[in-house]
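1. Have a look at this prediction, sequence included:
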Amino acid sequence: MAFDSVIGHSRLRELLSRAVTHRRLPPALLFSGPAGVGKRTLALAAGRALLCDRDAGDACEACPPCRRAGRGLHPDALLVEPDGASIKIEQVREAVREIAGRPFEGRARVLVFDEAHLLTEQAQNALLKSLEEPPATSHVFLVTASPQALLPTIRSRCQMLRFSPLPQSRLETHLRDRCGLSADEARLRAALSGGSLGVALAFESEAWRDLRVELLEILEKLDRAGALGRMDAAERLAEMDDPVLALTALRSLLRDVAALRAGSPALLNADVAARLEPLARGPLGERAGEMARATGDTRDALDGRITGTNLRRGPANPLLAFDVLMDRMVRPA
Ligand SMILES: [Zn+2]
């Protein structure tokens, strides 16, 4: 039942549940994947399944250990989070001391490191020993969106489970039925979240609408803009507070322009349809689908550069990437 609190990831849930039931859960697990998709929730759920009195592959939520774990009060379940900007060596030493002993009351002890990429190098080295010779009853979960930031020696001692982004339709249903958002708002947020519930929940609609107005202005002027005008547009994009979000918004607008051109009524930005229609009839309309994809690629590359998930892939210079993109809007490649 603790596993039910995780949206999606049914294969990983089943895998972990079976491993708990058959006492085959590895001593060290690394959960990697985008932020906000449920890695930490699933690690905690697996930990609670390990501690439940009924020992049925999932937490029953009713027995005393489950109730204590549910309130974060179980002595055999430890969650370590960054203290400020990092997880420090003292935090790791203390946690390792805890799990080195026998469980206080359960069958096992569970140690979850959230944002594990923020473990300092010293802290990782301190953790390494207990990963090399783990006590039989202890289970360590490292949860991170940036596994490559961990030392190779740490990674090689962990069994890695990769989390995918959540499907858009699954997120949309959850936002509408469980979070009480309107159907329009749920659809918009699900489409823009990149498969992350965390992003979808943190999404600020007001800021998004302002951003979109600015992007529409850029698109509306683009056809008449000369080379200098396009450079100016690229500069405006590069200077935005969150260029990745700006590109996400731009992609959604371009998708809608392409949809209108193709005669589809299902728009993400239905509230600005009146401004999108002239764009769809204009020269941009023909290339909008292709440009939406190019915008998405630029967005992913930039996102990779910013979060450090792939240092070699991203453009060295975001402004240059925006220049290229704006040029392609008016001059097909
Ligand atoms: Zn229980």
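-> Here it is on my side, so go on.
2. distance of T137 from C63?
-> 19 Å (CB to CB, to the nearest Å). C-beta: built from backbone N, CA, C; applies to glycine.
3. where does this structure have its least confident helix or strand?
-> For the chain, scoring each helix and strand by mean pLDDT, DSSP states H and E identifies helix 283-307 as the least confident one, at a mean of 84.
4. Can you name the next helix or strand after that one?
-> helix 318-330 (DSSP states H and E).
5. I'd like to know which elements that following helix is packed against.
-> If contacts are counted by 3 or more CB pairs under 8 Å, 6 or more residues apart in numbering; DSSP states H and E, helix 318-330 sits against helix 205-222, helix 227-238, helix 283-307.
6. Deepest-packed of those helices, please.
-> Ranked by mean neighbour count, the helices and strands packed on helix 318-330 are led by helix 283-307 with a mean of 18 (mean count of other CB atoms under 10 Å).
7. what does stretch 98-115 rub up against?
-> The contact list for stretch 98-115 (CB atoms under 8 Å, 6 or more residues apart in numbering) reads 40, 43-44, 46-47, 50-51, 55, 65, 74-82, 87, 95, 119, 127, 130, 135, 137-144.
8. Please list only the buried members of these.
-> By neighbour count, with 16 or more other CB atoms under 10 Å, these hold 40, 43-44, 46-47, 50-51, 55, 65, 74, 76-80, 82, 87, 95, 119, 127, 130, 137-144 as buried.
9. So L30: helix, strand or coil?
-> strand (DSSP: H, G, I helix; E, B strand; the rest coil).
10. Get me the contact residues on the stretch 51-200 of the chain for the ion.
-> 52, 60, 63, 66 (CB under 5 Å from the ion).
11. could those residues go into a markdown table alongside secondary structure?
-> A markdown table is the format used below for these (three-state DSSP):
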| residue | secondary structure |
| --- | --- |
| C52 | coil |
| C60 | coil |
| C63 | coil |
| C66 | helix |
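12. Reformat these as CSV; add neighbour count, distance to E290 and pLDDT.
-> Below are these laid out as CSV (neighbours: other CB atoms under 10 Å; distance: CB to CB, whole Å; pLDDT from 0 to 100):
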residue, neighbour count, distance to E290, pLDDT
C52, 25, 53, 95
C60, 17, 53, 95
C63, 15, 57, 95
C66, 22, 53, 94
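13. Would you format those residues as CSV with distance to E286 included?
-> Below are these laid out as CSV (distance: CB to CB, whole Å):
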residue, distance to E286
C52, 59
C60, 59
C63, 63
C66, 59
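14. one step back: which of the buried ones among the contacts of stretch 98-115 fall within strands?
-> Judged by DSSP state E, the subset of the buried ones among the contacts of stretch 98-115 located in strands is 77-80, 138-144.
15. show me the contacts for the closest residue to the ion within the stretch 201-333 of the chain.
-> Of all residues in the stretch 201-333 of the chain, L201 sits closest to the ion, at 28.1 Å by CB to the ion. The contact partners of L201, by CB under 8 Å, 6+ apart, come to 36, 179.
16. per-residue confidence at it?
-> L201 is assigned 88 on the pLDDT scale.
17. In which helix or strand does it reside?
-> helix 197-202.
18. Output that helix as PDB, restricted to C-alpha atoms.
-> This file holds the C-alpha atoms of helix 197-202, laid out as PDB (Å, rounded to 0.1, in the frame of the first residue of the first chain):
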ATOM      1  CA  LEU A 197       5.100  15.500 -11.000                       C
ATOM      2  CA  GLY A 198       7.300  17.800  -8.900                       C
ATOM      3  CA  VAL A 199       7.600  20.200 -11.900                       C
ATOM      4  CA  ALA A 200       3.900  20.000 -12.600                       C
ATOM      5  CA  LEU A 201       3.000  20.900  -9.000                       C
ATOM      6  CA  ALA A 202       5.500  23.700  -8.700                       C
END
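19. Buried residues, it. List them.
-> Buried, per 16+ other CB under 10 Å, within helix 197-202: 197, 199-200.
20. how's the protein carved up into domains?
-> 3-162, 204-330 (automatic domain parsing).
21. The first one spans what distance, first to last residue?
-> As for domain 3-162, its first-to-last residue distance stands at 17 Å under the measure CA to CA, to the nearest Å.
22. swap in the shortest one?
-> For domain 204-330, the first-to-last residue distance is 31 Å (CA to CA).
23. One more: stretch 188-208?
-> End to end - CA to CA - stretch 188-208 spans 11 Å.
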